[in-house]
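In: Sequence and predicted structure are below.
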Amino acid sequence: MFLGTYEPKLDEKGRLILPARFRDQLASGIVLTPGQERCIYAFPTSEFENIYEEMRQAPLTHKQARSFSRVMLSGASDQIPDKQGRINIPANLRQYAGLGKDLTVIGAGARMEIWDAKTWNNYLAESEDAFAEVAEEIVPGLL
């Protein structure tokens, strides 16, 4: 499970050093794909394979399912981290997420998310009130 918030830098070659805590989970492979709210989703390859199987179950006649699959799969990049725990974030994904040098990497359960630091801080500030209000509706009895 991916947990926590980290603030790495993107180097001049478009590489990210993965948080040390995530490296073992991603050592055998990682799939980067466009995420929602203009971030990049980063899945262990095995988890992405499960997601792909679920997407395959959606009927081809369902327009939203086709659109979702197209965006997610056409922008995907699979790779294996190097010995220093670095991955390359392809230019198309850097542009999609508006990544600058300062990043925020968050653990989001089964995936990691890569955000431009300023975008993440704005998102977090905008979402804080909604988070406080809907916790009971989303996970009844949790808090």
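Out: Received, thanks.

In: where along this structure do the helices fall?
Out: 20-26, 45-56, 63-74, 91-97, 117-138 (DSSP state H).

In: what ranges of this structure fall below the confidence cut-off?
Out: Filtered on pLDDT under 70, the chain yields the residue ranges 134-143.

In: centroid residue for it?
Out: Note on the chain: the residue nearest the mean C-alpha position is Tyr41, at 1.8 Å, using CA atoms, centre = their mean.

In: Please name the residues that touch the closest residue in space to it that isn't next to it in sequence.
Out: Counting by CB to CB, 6 or more residues apart in numbering, the nearest residue to Tyr41 once its immediate chain neighbours are dropped is Gly35, at 3.9 Å. C-beta coordinates here come from the backbone N, C-alpha and C atoms, glycine included. Contacts for Gly35 (CB atoms under 8 Å, 6 or more residues apart in numbering) come out as 41, 97, 113.

In: got those residues as a markdown table, with distance to Gln79 columns?
Out: A markdown table is the format used below for those (distance: CB to CB, whole Å):
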| residue | distance to Gln79 |
| --- | --- |
| Tyr41 | 14 |
| Ala97 | 16 |
| Glu113 | 17 |
